[in-house]
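In: Provided below for reference: sequence and predicted model.
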Amino acid sequence: MSYKAEYIWIDGTEPTAKLRSKTKILADGAAPPEWGFDGSSTNQAEGHASDCILKPVASYPDPIRGGDHRLVLCEVYNVADGAPHASNTRARLRPVAERFAAQEPIFGIEQEYTFFQGSRPLGFPENGFPAPQGGYYCGVGADEIYGREIVEAHLENCLKAGLGLSGINAEVMPGQWEFQVGPLSPLEVSDQLWIARWLLYRTAEDFGVSATLDPKPAKGDWNGAGAHTNFSTKAMREGYDAIIAACDALGQEGKPLEHVRNYGVGVEDRLTGAHETAPWDQYSYGVSNRGASVRIPWQVERDKKGYIEDRRPNANCDPYVVTRLMVDTVCTELEKADLA
């Protein structure tokens, strides 16, 4: 007897990495071993030394194939020196997550995305444009909602895979949706977001539709697509001083640009100061303010404890990078201020 293990990894495509996967047949009960692949075809090696190593780091039930089949998330390593590949951003998150584990950082990431059919967003007519934004967000009805059957199938697949999804909703632009992953630890939320993305693409494939994480999929007066990142530590969940310290830490000299430059390609097109965004080159925070870089939810101010929402990450961000930067910046400052 055997089972199918779908090995999933992040490639070296620039400026935005892609997901890749292939299937290995394994004997029942056998743990997924290390495996190799042609890195010259994934922008991770040159042809004269093309082999790269896949090291399994997490495994989930495969909701597409069912049964005992598995989805296997992998890190990429070099053959020559056995070190993490330059594209392996998960390896750079691990030591930061371990260093600040005592502060118990957790994340909830809101992944926005847009369905496309051919060259147009799903719901956009062949000639012209749909009605202006207004009724699509959390809407209902065939005149305002496009792709719900795919969204429901994707949600079901994620839940069958054991992923920590906490919700879905239709977004502001036609054909645009969101799912939320978390609250989970930095590595868990990042791993599960990448698997949820893979399941999104794979589920939409069966409907003849593509999904894009482009941060500005339709030019003009249409919302972009982000990955709003909700974050807290134990101290933030217990007191308001740590909330304000976290917001201030993200605004310290050099930090706003360091973060935003690593929050996904095309951030300048999305963070314009319009469409519920703050300008990409200006940092701000405020209570209940969706026009700020970082929002403090109203109930957090009321309760004097909770979490913050960094609204700057793009839909196409790398969650390993985003969580690493946020943990490092905020937890370092909380430690210095004796608020950890």
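Out: That came through fine.

In: Contacts for the strand or helix carrying residue 324, please.
Out: Element membership of residue 324 [criterion: DSSP states H and E] is helix 319-336. Applying CB atoms under 8 Å, 6 or more residues apart in numbering, the set of residues contacting helix 319-336 from outside is 89-90, 92-93, 96-97, 100, 103, 105, 107, 109, 186-187, 189-190, 193-194, 227, 229, 231, 233, 235, 242, 245-246, 248-250, 252, 255, 258-259, 262-263, 310, 313, 340. Backbone N, C-alpha and C define where each C-beta goes, glycine included.

In: Check the offset of the worst-scoring helix or strand of the chain on mean pLDDT from the chain's centre.
Out: Here the helix or strand of the chain ranked lowest by mean pLDDT, DSSP states H and E is helix 267-270, holding a mean of 90. Remark: helix 267-270 is offset 17 Å from the chain centroid, using CA atoms, centre = their mean, to the nearest Å.

In: Show me which positions of it end up buried.
Out: For helix 267-270, a neighbour-count test (16 or more other CB atoms under 10 Å) marks 267, 270 as buried.

In: Helices of the stretch 101-250 of the chain, start to end?
Out: Under the criterion DSSP state H, counting those that start in this stretch, the stretch 101-250 of the chain contains helices at 148-160, 186-205, 240-250.

In: In a markdown table, list the ones you listed along with mean pLDDT, mean neighbour count and distance to residue 36.
Out: Below are the helices of the stretch 101-250 of the chain laid out as a markdown table (pLDDT from 0 to 100; neighbours: other CB atoms under 10 Å; distance: least, CB to CB, whole Å):
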| stretch | mean pLDDT | mean neighbour count | distance to residue 36 |
| --- | --- | --- | --- |
| helix 148-160 | 98 | 17 | 28 |
| helix 186-205 | 98 | 22 | 20 |
| helix 240-250 | 97 | 20 | 40 |
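
In: Excluding sequence neighbours, find me the nearest residue to residue 206.
Out: Nearest residue to residue 206, sequence neighbours excluded (CB to CB, 6 or more residues apart in numbering): residue 153, at 7.7 Å.

In: thinking that neighbour is in contact with residue 200, fair?
Out: No. Residue 153 is beyond contact range of residue 200, at 10.0 Å (criterion: CB atoms under 8 Å).

In: Find residues that contact each of the two.
Out: Contacts common to residue 153 and residue 200, judged by CB under 8 Å, 6+ apart, are absent.

In: Just the mean pLDDT for stretch 5-18, thanks.
Out: Across stretch 5-18, pLDDT averages out at 97.

In: Could you pull out the buried residues of that stretch?
Out: Using 16+ other CB under 10 Å as the test for burial, stretch 5-18 gives 5, 6, 7, 8, 9, 10, 11, 12, 17.

In: next SSE after the host helix or strand of the third one?
Out: With secondary structure defined by DSSP H and E, residue 7 is part of strand 2-10. Next in sequence after strand 2-10, counting helices and strands by DSSP H and E, comes strand 19-27.

In: Pull the contacting residues for residue 25.
Out: Going by CB under 8 Å, 6+ apart, residue 25 touches 2, 3, 4, 5.

In: so the first one bridges to which residues?
Out: Counting by DSSP bridges, residue 2 is bridged to residue 27.

In: If you tally nearby residues, what's the number for residue 166?
Out: 12 (other CB atoms under 10 Å).

In: State the pLDDT value of it.
Out: At residue 166, pLDDT is 97.

In: Bridged to the residue nearest to it when sequence neighbours are not counted, which residues?
Out: Spatial nearest neighbour of residue 166, chain neighbours left out: residue 180 (4.7 Å); criterion: CB to CB, 6+ apart. Taking DSSP bridges as the rule, residue 180 bridges to residue 110, residue 167.

In: which residues touch residue 180?
Out: For residue 180, the contact set (CB under 8 Å, 6+ apart) comprises 108, 109, 110, 111, 165, 166, 167, 168.

In: ditto for residue 84
Out: Going by CB under 8 Å, 6+ apart, residue 84 touches 75, 76, 77, 78, 91, 92.

In: Identify the farthest-apart pair in the residues you listed.
Out: The distance between the two most remote of these (CB to CB) is 14.7 Å, for 78 and 92.

In: higher neighbour count, those two?
Out: With neighbours defined as other CB under 10 Å, residue 78 and residue 92 compare such that residue 78 has more, 18 against 12.

In: With adjacent residues omitted, what lies nearest to the more buried one?
Out: Counting by CB to CB, 6+ apart, residue 78 lies nearest to residue 85, which is 5.6 Å off, once chain neighbours are set aside.

In: residue contacts, that neighbour?
Out: The contact partners of residue 85, taken as CB under 8 Å, 6+ apart, are 12, 39, 44, 52, 75, 76, 77, 78.

In: mind listing the strands for the stretch 1-150 of the chain?
Out: Under the criterion DSSP state E, counting those that start in this stretch, the stretch 1-150 of the chain contains strands at 2-10, 19-27, 35-38, 51-61, 70-78, 106-117, 120-121.

In: so which of those comes closest to residue 160?
Out: Per CB to CB, nearest to residue 160 of the strands of the stretch 1-150 of the chain: strand 51-61, 6.3 Å.
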